[in-house]
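Peer 1: following is a predicted model, sequence given first.
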Amino acid sequence: MSLLDDHDVSRSVQRDVATPGTAAPSGTEAPSGAAERPTEQPATDRPAAERAAADRPAADRTAAPADRAALADGAATERTAAERTAAEHAAAAERRRDARGPRLSWASDRPFHEPLGHAAPSGWRGSHAAYQVETLARDVVLATCVPTLLLFVMHGVTLLQLSWGLMIGLLYIAFVAVERGYDRQVIGDGHQEFEAVIRGGVLTAAALAVFAVGADVDVPRTIVFLALPLVAVLLLGARHLARRSLHKRRAQGESMRRTLVVGDASSITHVVDDLCGLPQYGYNIAGVCVPSFDGPLPALGVPVLGTVSDVVQVAVDGEFDVVIVTGSELSGQALRRLSWALQRTDTELVVAPGIVEVFGPRVTLEPTAGLSLIHVNAAESRRSRILAKRAFDTAFALGALLVLSPVLAATALAVKLTSPGPVLFKQTRVGKEGREFSMLKFRSMVVDAEERLAALRAANEADGPLFKMDRDPRITRIGHFLRKHSLDELPQLINVVKGEMALVGPRPPLPYEVAQYRESARRRLLVKPGLTGLWQISGRADLAWEEAVKLDLRYVENWSIAFDLMILWRTVHVVVSGHGGR
C-alpha cells in the first residue's frame with residue numbers, strides 16, 4: 001500500500017473534530033440540548049441542486065416530469081462527486097502510516113525539520129570524487145603518452161607525430177566519457193566500466209577511418225593496429241588494479257556509502273543480507289525503516305530508525321548518502337514525492353525492483369503514458385549478439401591453441417611419462433539445450449577412475465549432485481598440479497573451436513547431474529557451457545552447489561562479450577594462483 005504524505009500530522013489531528021454521532025473533543029462542551037435534538041443538516045451542506053429545488057416557488061416545483069428527472073440527475077451527480085471526495089479522504093487517511101514524530105509534507109519546500117542528531121558525514125562523496133579524478137588523470141596520461149612514444153619510435157620525434165599522439169589520446173578519452181566510463185554510478189563496480197573502455201577504442205578507430213576517408217589524410221597504421229589495442233589493454237589493466245585497491249579499502253570500512261533501506265521486512269532482509277555480504281560494492285547498511293512498529297521487527301543486526309513515514313527526516317538526521325527503497329511499500333505517487341523530498345537533501349534515491357540477477361543490455365527503461373516501463377528481453381534475444389560471441393570464441397580459441405601449443409605439448413608429455421594410459425580423457429557432458437557432446441581433458445586420474453567412483457560416493461564432501469574430495473585417491477601425481485592450475489582443461493579449446501562449448505559460460509555438467517536439476521537449474525542449459533565462468537573466478541571447487549548455480553544463472557541472464565573479457569582477465573589470476581583448485 002502506497003503512502004500519500006500530503007499534510008503535517010499536527011494539522012491532520014486538528015481536523016479530528018466531533019462529527020454527528022460522535023462525542024465532542026476533550027476540553028469542549030456540547031451546546032445545551034444538543035443531545036436531545038436530532039442533528040439537522042445545514043442548508044449550506046446540502047447539494048446545490050437540492051437547495052435550488054427547495055427555494056423555487058411551488059408552481060415551479062410542479063414542473064413537467066422531464067424537468068424533474070433532469071433535476072434528480074443533477075442532484076445524483078453532485079451526491080456521487082461528494083461521495084467520491086469523501087472516499088478519497090478516507091483512503092488518504094488509511095494510507096497515512098504511523099510515524100515516530102511529526103513530519104512535514106514530502107512535496108513541501110522544506111520536507112524535514114532541522115537535524116536532531118550530530119552524525120558526522122561518511123566522507124564517501126569526497127573519496128569517490130578523488131577516485132574519479134585519479135582514474136581520469138591516469139587514463140589521459142596513458143592514452144596520450146603510449147601512442148606518442150610509439151610514433152616517436154616508429155617514425156621519429158617530430159611535431160607531427162606529437163600532434164597525432166595527443167589527438168588520438170584525447171579522442172579516446174572523449175569517447176570513453178561518452179560511453180559513461182567516468183560516471184559515478186559506473187566507475188569502481190560492475191563490468192560496464194570495462195565495456196566503456198572497449199567501446200571507446202572501437203569508436204576511436206571508427207572515427208579515424210571516417211576522418212581518413214573524408215579528409216583524404218593518411219592515418220599512421222601504427223596508431224590503428226598497435227597503439228589503440230595497447231592503450232585499451234593498459235587502461236583495462238590499470239582500472240582493474242585500481243578497483244582491487246578500492247575493494248580492499250571497502251573491505252576495511254573505507255569509501256562506503258552510509259545507506260538506509262526502506263520497505264517491508266521480507267524485502268529489507270533480502271537487500272541487507274546481499275549488500276552486507278559483499279562490502280566491495282560500497283554500501284554500509286546503517287539503518288532501516290519499516291512500515292510500522294506494530295508487531296515483531298526484523299532481526300537484521302542493523303537498527304530500525306523509524307517507519308516509512310520517517311524516511312526523509314531519518315536520512316537528514318543520520319547524514320545518509322543513499323536511501324534504497326525495496327518491496328511495495330512505496331510506489332507511484334508516494335515514491336515520486338519521496339524523490340522530490342530527497343532532492344532537497346544530499347541523499348540519493350535508489351530503487352531495488354523485484355527483478356533479481358538481471359541487468360545490462362537485457363534491461364531497458366521506456367517512459368510510456370507517464371509510466372516507467374522496464375523491458376526485460378530474453379537471454380538470447382538477438383541473433384547478432386550470438387553470432388558475435390561465436391566469432392569471438394572461435395578466434396580467441398584458435399589464437400590460444402597457437403600461442404599455448406608449447407604448453408600443450410609439455411603437458412601431454414608429462415601425462416604420458418607419469419602414468420599409464422591415454423593422454424586425453426573423453427567424457428560425455430551436456431551442452432546447450434541438453435545436447436550431449438564429448439568433452440576433452442588432459443587425463444589427471446587413473447584409467448579406471450569412473451569404475452572406482454561408486455566405492456567413493458560415501459566420502460563425497462560436496463552438496464547437490466556434484467562429487468568432490470580433497471584427497472581423491474584416483475588423481476595421479478601430475479594430476480594434482482594440472483587440476484590446481486586448470487591445465488587439464490586446455491584441450492577444451494578444441495571443443496570451443498568445434499562450437500560445442502564457449503570460452504565463458506556455465507560449468508559443463510554430467511548427464512546424471514542434469515537428471516537431478518530443479519527447474520531453475522535447468523536454465524544453465526540455455527547457453528553453451530564454458531571453459532571458464534563466474535564459478536571459476538569465484539571459488540571453483542570451494543563453492544557450494546547453490547552458490548555455483550546462482551553464479552551460472554547470473555551469467556546466463558546477463559552475458560555479453562565485455563562480461564566475457566572481464567571473466568577471462570580474472571581467470572588468468574585464478575589459474576596462476578591455483579586458488580580453489582583440487
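Peer 2: Happy to help now that I have it.
Peer 1: from now on I want contacts and neighbour counts done on CA atoms only, so please keep to that.
Peer 2: OK.
Peer 1: strands along the stretch 401-550 of the chain, start to end?
Peer 2: In chain order, the stretch 401-550 of the chain shows strands spanning 424-430, 436-442, 502-504, 530-532, with DSSP state E, counting those that start in this stretch as the criterion.
Peer 1: pipe the ones you listed into CSV and attach mean neighbour count and distance to Pro491 per row.
Peer 2: As requested, the strands of the stretch 401-550 of the chain are exported to CSV (neighbours: other C-alpha atoms under 10 Å; distance: least, C-alpha to C-alpha, whole Å):
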stretch, mean neighbour count, distance to Pro491
strand 424-430, 17, 8
strand 436-442, 19, 5
strand 502-504, 27, 12
strand 530-532, 22, 10
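Peer 1: how about those strands in a markdown table, adding mean pLDDT and distance to Val308?
Peer 2: Conversion of these to a markdown table gives the following (pLDDT from 0 to 100; distance: least, C-alpha to C-alpha, whole Å):
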| stretch | mean pLDDT | distance to Val308 |
| --- | --- | --- |
| strand 424-430 | 93 | 49 |
| strand 436-442 | 95 | 53 |
| strand 502-504 | 95 | 43 |
| strand 530-532 | 93 | 44 |
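Peer 1: any idea how far apart the tips of stretch 426-440 sit?
Peer 2: Using C-alpha to C-alpha, to the nearest Å, one end of stretch 426-440 lies 5 Å from the other.
Peer 1: show me how far it is from its chain's centre.
Peer 2: Put simply, stretch 426-440 sits 32 Å off its chain's centre (C-alpha atoms, centre = their mean, to the nearest Å).
Peer 1: lowest confidence element among the helices and strands of the chain?
Peer 2: In the chain, no helix or strand scores lower on mean pLDDT, DSSP states H and E than helix 9-14, which sits at a mean of 34.
Peer 1: count of neighbours near Val233?
Peer 2: Val233 sits with 13 neighbouring residues when counted by other C-alpha atoms under 10 Å.
Peer 1: what of Asp218?
Peer 2: Asp218: 11 surrounding residues under other C-alpha under 10 Å.
Peer 1: and the closest residue to it other than its chain neighbours, what pLDDT?
Peer 2: Nearest non-adjacent residue to Asp218, counting by C-alpha to C-alpha, 6 or more residues apart in numbering: Ala212, 6.0 Å away. Ala212 carries a pLDDT value of 86.
Peer 1: so which of the strands of the stretch 401-550 of the chain is nearest Leu453?
Peer 2: Closest of the strands of the stretch 401-550 of the chain to Leu453 is strand 424-430, at 14.1 Å (criterion: C-alpha to C-alpha).
Peer 1: tell me what that closest one is packed against?
Peer 2: Secondary-structure packing of strand 424-430 (3 or more C-alpha pairs under 8 Å, 6 or more residues apart in numbering; DSSP states H and E): strand 436-442, helix 511-515.
Peer 1: averaged pLDDT, stretch 171-191. What do you get?
Peer 2: Averaging pLDDT along stretch 171-191 gives 90.
Peer 1: who touches that stretch?
Peer 2: 128-129, 132, 135-136, 139-140, 143, 192-194, 196-197, 199-201, 203-204, 243, 246, 281, 562-563, 566 (C-alpha atoms under 8 Å, 6 or more residues apart in numbering).
Peer 1: if we use 6 Å, what do you get?
Peer 2: With C-alpha atoms under 6 Å, 6 or more residues apart in numbering as the test, stretch 171-191 has contacts from Glu193, Ala196, Val197, Gly200, Thr204, Arg243.
Peer 1: against Leu159, how distant is the fourth one?
Peer 2: Just to be clear, that refers to Gly200. Taking C-alpha to C-alpha as the criterion, Gly200 is separated from Leu159 by 26 Å.
Peer 1: more neighbours, these two?
Peer 2: Gly200 (25 against 10).
Peer 1: Asp346: what secondary structure?
Peer 2: coil (DSSP: H, G, I helix; E, B strand; the rest coil).
Peer 1: whoops, I mixed them up, Glu366
Peer 2: Applying three-state DSSP: Glu366 is strand.
Peer 1: wait, which of the contacts of stretch 171-191 is closest to Ala454?
Peer 2: Arg243 (45.3 Å).
Peer 1: and the closest one, that one's in a helix?
Peer 2: Yes - counting by three-state DSSP, Arg243 is located in a helix.
Peer 1: contacting residues around it?
Peer 2: Contacts of Arg243 (C-alpha under 6 Å, 6+ apart): Gly188.
Peer 1: what's the spacing between it and Ala562?
Peer 2: Distance, Arg243 to Ala562, using C-alpha to C-alpha: 17 Å.
Peer 1: now do the buried residues in stretch 368-377.
Peer 2: For stretch 368-377, a neighbour-count test (16 or more other C-alpha atoms under 10 Å) marks nothing as buried.
Peer 1: tell me, how many residues neighbour Val141?
Peer 2: Neighbours of Val141 (other C-alpha under 10 Å): 13.
Peer 1: what distance do you get for Gln280 to Ala227?
Peer 2: Distance, Gln280 to Ala227, by C-alpha to C-alpha: 33 Å.
Peer 1: could you chop this structure up by domain?
Peer 2: What automatic domain parsing lists as the domains of the chain is 124-251, 257-354, 383-577.
Peer 1: so for Arg110, which of these sits nearest?
Peer 2: Proximity to Arg110 (C-alpha to C-alpha) singles out domain 257-354 among the domains of the chain, at 7.5 Å.
Peer 1: for that closest one, what does the pLDDT average out to?
Peer 2: For domain 257-354, the per-residue pLDDT averages 87.
Peer 1: would you agree Val302 is in contact with Val288?
Peer 2: No - with contacts counted by C-alpha atoms under 6 Å, Val302 stays clear of Val288, the gap being 7.2 Å.
Peer 1: more crowded one of those two?
Peer 2: A direct count of neighbours by other C-alpha under 10 Å for Val302 and Val288 places Val288 higher, at 29 against 13.
Peer 1: name the helices or strands packed onto the helix or strand hosting that one?
Peer 2: Val288 is located in strand 283-290, with elements delineated by DSSP states H and E. When contacts are defined as 3 or more C-alpha pairs under 6 Å, 6 or more residues apart in numbering; DSSP states H and E, strand 283-290 packs onto strand 257-262, strand 304-307.
Peer 1: so it versus strand 257-262, what angle?
Peer 2: Orientation check (axes from the mean of the first three to the mean of the last three C-alpha atoms, to 10 degrees): strand 283-290 against strand 257-262 gives 20 degrees.
Peer 1: flag every buried residue along strand 283-290.
Peer 2: Within strand 283-290, the residues that qualify as buried are Tyr283, Asn284, Ile285, Ala286, Gly287, Val288, Cys289, Val290, counting by 16+ other C-alpha under 10 Å.
Peer 1: that concludes my questions; thank you for your assistance.
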